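Visitor: sequence and predicted structure below; questions after.
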Amino acid sequence: MLERRAGLVEAYLRELENDAKVLAEQYGGTELTTLYVGGGTPSFLRDHELVSLAGIIRTHFGWANLEATLEVNPGTVNTARAKLWRELGFTRASVGVQSTQDSVLKFLGRTHDAKQALLALETLLAAGFQVSSDAITAVPGQNVEQDLRTLGALGLEHISCYTLTIEEGTAFFRTGVKVRAEDEERSLELAESVLAEFGLARYEVSNHAKPGFESKHNIAYWQNRFYYGLGAGAAGHYPNLETETRDLSLEHQIIAHRRTNPHLSNWLTGERGEIEPVTRESFVTDALFSGLRLLSGVSLTDISTRAGLNASDFFAPQFEKLVSQGLLEFEGSTVRATTNGLWVLNQVISEFL
C-alpha cells in the first residue's frame, strides 16, 4: 500500500486535476458513460480527499446517470463511509475479497480476514451498492466450492473468479508453489456451475453476473472502446485527432493512440507516458484479442466499421483455420470462441498476433 507521507496526497490530487484538465480540453465534449476509480486502493484516501477526487472528475468530465465503480479494500469499509461513497455518486463497489477462508487469505498474504470481508460485502449491499467481489481459485488447500457458495449466498450481483497465477520472480515462484492444471480446470467448471445456482451467468472468461449487472466498464475494455486514463500508472486509449494519414497503406494508417502514465514519482513531476500509435490493423487485432474473452463474442461488422478495415477479409485465413479446428464459431457476422476455444484462448488469440 502507498505510504502516507506529508503532502503526498495533496500533491497527487493537484496533479490529477492538471491531468484531467488537459485531457478534457483535448478529448472532451462527450459525457462519461462509465467510471472506475481503482487500480490500487482508493479507499486509502480519507473521506475529504475522496470528496476532492470526485469533484475533479465531476468538474472536468461530468458525472450523471452512469455506472460509477469504486475499488474497495475490505478493511476500509464501515457504514458511514459506505453512505458517503453512495452520496458522492458511486453506484458499484468492487471488493478485493479473494477468499472467505482464513487459511487461504493467510496463504495469499492478505491483511483482512474472512469475517472482515463478509461484513464489508454486507455493509455495501445494505448501503445500496451493486457489489462485485473477486475470488482467487485453485489455491493449494482451498475448498473452492465453499468460497463460491459463501459469496453466492450473499446475493452479490457480480463475481469475478481468477485462478491463482504464479509469476516468475514472485515469492510464490521462489518457494515452488505450483497450480495444477486439473485444479485450474476444475475451479473454472465449479465457478460456472455453482454461481449459476445463484443466478449469476458467466459472460466473460472469468466474470459472472446476474442479468443486467455485467460490468459496463470492463465490457468497454473488452470491446476496445476509447477511455481516459487518469493518475499515476493509468492507461488510456484515445482517438487520433490528426486528419493527416500520410502515404501509408490502409492497414497502417493511425486511427488511435494508447498511453500509460509512469509511476508515482515521475508522474508527479508532470511526466506522461510515451504515445503508442494504433493502426487500423492493430485496432482490429486488439479488438479480437480482448473481445474473444466475452462469451457473446465479437461483432466483426462493429470493429470493421470503427477501424475502417474489413476484419473478415483481413483475417480470413486465421478464421478459416480456427473454425476448422473447432475453436471458433460464427453466427452471422459475430465470431466467438467455442467451449474448447475458451480452454485454449491464448492459443486462439496468438493466431491473430
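Guide: Received the coordinates, thanks.
Visitor: can I get stretch 248-262 in CSV, CA atoms only?
Guide: The C-alpha trace of stretch 248-262 is given here as CSV (Å, rounded to 0.1, in the frame of the first residue of the first chain):
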residue,chain,number,x,y,z
LEU,A,248,0.5,4.7,-45.8
SER,A,249,-1.3,1.6,-46.8
LEU,A,250,-4.8,1.4,-45.4
GLU,A,251,-4.0,-1.1,-42.6
HIS,A,252,-1.0,1.0,-41.4
GLN,A,253,-2.9,4.3,-41.1
ILE,A,254,-3.0,5.5,-37.5
ILE,A,255,-6.5,5.8,-36.0
ALA,A,256,-5.9,5.9,-32.3
HIS,A,257,-3.3,6.2,-29.5
ARG,A,258,-2.6,4.4,-26.3
ARG,A,259,-0.7,5.9,-23.4
THR,A,260,0.3,4.6,-20.0
ASN,A,261,1.4,7.1,-17.3
PRO,A,262,4.6,6.5,-15.4
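Visitor: and the contacts of it?
Guide: 19, 226, 229, 231-240, 242, 245, 267, 271-281, 283, 307-309, 314 (Cβ atoms under 8 Å, 6 or more residues apart in numbering). C-beta coordinates here come from the backbone N, C-alpha and C atoms, glycine included.
Visitor: which among the residues you listed end up buried?
Guide: Listed as buried from those are 19, 229, 231-232, 234, 236-238, 240, 267, 273, 278-281, 283, 307, 309, 314; burial here means 16 or more other Cβ atoms under 10 Å.
Visitor: hang on, the earlier thing: give me the subset of the contacts of stretch 248-262 lying in strands.
Guide: 235, 236, 237, 238, 239, 275, 276, 277, 278, 279 (DSSP state E).
Visitor: can the residues you listed go into TSV with extra columns for pLDDT and distance to residue 9?
Guide: Converted to TSV, the ones in strands among the contacts of stretch 248-262 look like this (pLDDT from 0 to 100; distance: Cβ to Cβ, whole Å):
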residue	pLDDT	distance to residue 9
235	95	22
236	96	22
237	97	27
238	96	27
239	95	32
275	92	28
276	95	30
277	95	34
278	96	33
279	96	39
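Visitor: what about residue 299, neighbour count?
Guide: Using other Cβ atoms under 10 Å, residue 299 has 18 neighbouring residues.
Visitor: is it true that it touches residue 330?
Guide: No - at 11.2 Å, residue 299 does not count as touching residue 330 under the criterion of Cβ atoms under 8 Å.
Visitor: distance to residue 289 for the ones in strands among the contacts of stretch 248-262 - can I get that in CSV?
Guide: What follows is the ones in strands among the contacts of stretch 248-262, written out as CSV (distance: Cβ to Cβ, whole Å):
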residue, distance to residue 289
235, 15
236, 18
237, 13
238, 18
239, 19
275, 20
276, 15
277, 17
278, 12
279, 14
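Visitor: return the member of the residues you listed nearest to residue 57.
Guide: The nearest member of those to residue 57, counting by Cβ to Cβ, is residue 236 at 14.2 Å.
Visitor: for the residue nearest to the closest one when sequence neighbours are not counted, give me the pLDDT.
Guide: Excluding the flanking residues, the one nearest residue 236 by Cβ to Cβ, 6 or more residues apart in numbering is residue 229, at 3.0 Å. We have a pLDDT of 95 for residue 229.
Visitor: cool, the one 3 residues further on as well?
Guide: Note for residue 232: predicted pLDDT of 93.
Visitor: can you give me the strands for the protein?
Guide: With strands called from DSSP E, the chain shows them at 34-37, 67-72, 92-98, 130-137, 158-163, 201-204, 207-209, 235-239, 254-260, 275-279, 298-299, 328-331, 334-337.
Visitor: Throw these into CSV and include distance to residue 287, thanks.
Guide: Formatted as CSV, those follow (distance: least, Cβ to Cβ, whole Å):
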stretch, distance to residue 287
strand 34-37, 18
strand 67-72, 21
strand 92-98, 24
strand 130-137, 24
strand 158-163, 22
strand 201-204, 15
strand 207-209, 18
strand 235-239, 11
strand 254-260, 11
strand 275-279, 11
strand 298-299, 6
strand 328-331, 14
strand 334-337, 11
